[in-house]
Each structure stands twice: as structure tokens, then as C-alpha cells.
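here is my input, please return the structure:
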Amino acid sequence: MSRPSRYRNHRSPWTLRELNFVKKHYDSMPTAEIADWLGRPQETIKWMTGTRGVFSARSQTAEEERILAAEYLALGVAVAGQLPGRTQDAVKLKACDMDSFALW
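Model prediction:
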């Protein structure tokens, strides 16, 4: 017998309403919040945005870049905790783009 999922919409077909919700809110709402709202795993939200060509359009603010430049060398990707809505992967990618850090 399989274990029940903790997500109410796990493995169910996506509705047009859900797809539109993701498209509308993906650049302004954390993925975890979208997943909770829709009752789906975060990985599914990320997968769906990739297949539909929906990407976060929110660029880094000057304040976020200042925090990243000041704290990344000491904290590494943990600095994401100081940047609401930014994942550790986003922090790492931005640090590479800023070309100020040796990550390897």
C-alpha cells in the first residue's frame, strides 16, 4: 500500500487556474508559498515553471547586492536568509555574476 501524500494536489493534473496563478505570482512570491497555496511540492512548481518558460523576472536590488558583497565571503550561501525571496542557488549564481568571489 502506498503512503498518502502530504500535498492535496500531488500527481493531479494542473488546472488552467493553477498555471495562471504560478505565472502571475512566480516573480513576486517565494516558491514555497506558491507550493503551499496550490497544495503541490516545490519541486513540481519549479519544474512546471521551467517547462512553461516562466522565470522570475525580479532582478537584484542595489541593497541586495550590497548585502551580498558584504556578507557572502563570511556566510556563503547562508546569506540567502538575509535576502527574502532569494534561494541559496540564486545567491550563488549572483555571486558568480558579480565576479567578485572565488567560489571554488
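
read off the pLDDT value for the nearest residue to T87 once chain neighbours are set aside.
Once flanking residues are discounted, T87 sits nearest to A80: 6.1 Å by Cβ to Cβ, 6 or more residues apart in numbering. Placement of C-beta: from N, CA and C, glycine included. At A80, the model reports a pLDDT of 86.

for A80, list the residues it contacts.
By Cβ atoms under 8 Å, 6 or more residues apart in numbering, the residues touching A80 are R86, T87, Q88, A90, V91.

can you pull the contacts of the closest residue to Q88 other than its chain neighbours?
Nearest residue to Q88 in three dimensions, chain neighbours excluded: V77, at 3.8 Å (Cβ to Cβ, 6+ apart). Taking Cβ under 8 Å, 6+ apart, we find V77 in contact with Q88, D89, V91, K92.

ok, now with 7 Å
When contacts are counted by Cβ atoms under 7 Å, 6 or more residues apart in numbering, V77 is found next to Q88, V91, K92.

out of the residues you listed, which are buried?
Listed as buried from the contacts of V77 are V91, K92; burial here means 16 or more other Cβ atoms under 10 Å.

can you tell me how far the residue nearest to T87 is from R40?
In this view, A80 and R40 are 22 Å apart by Cβ to Cβ, to the nearest Å.

just N9 next, same as before
N9 sits 5 Å away from R40, going by Cβ to Cβ.

where in this structure is pLDDT low?
Scanning the chain for pLDDT under 70 picks out 1-5, 10, 51-58, 99-104.

spell out, range by range, the helices that occur in it.
Along the chain, counting by DSSP state H, helices occupy 16-25, 31-38, 42-52, 62-75, 88-98.

on that earlier part again, between N9 and R40, point out the one with more neighbours.
Neighbour count, other Cβ atoms under 10 Å: between N9 and R40, R40 has more, with 23 against 16.

could you export stretch 24-31 as CSV, CA atoms only?
Output of stretch 24-31 as CSV, limited to C-alpha atoms (Å, rounded to 0.1, in the frame of the first residue of the first chain):
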residue,chain,number,x,y,z
LYS,A,24,1.2,35.7,-12.2
HIS,A,25,3.0,35.2,-8.8
TYR,A,26,6.3,33.5,-9.6
ASP,A,27,8.3,36.7,-9.7
SER,A,28,6.8,38.2,-6.5
MET,A,29,6.1,35.2,-4.2
PRO,A,30,8.5,32.6,-2.8
THR,A,31,8.2,29.2,-4.4
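
fine by me, we can end here.
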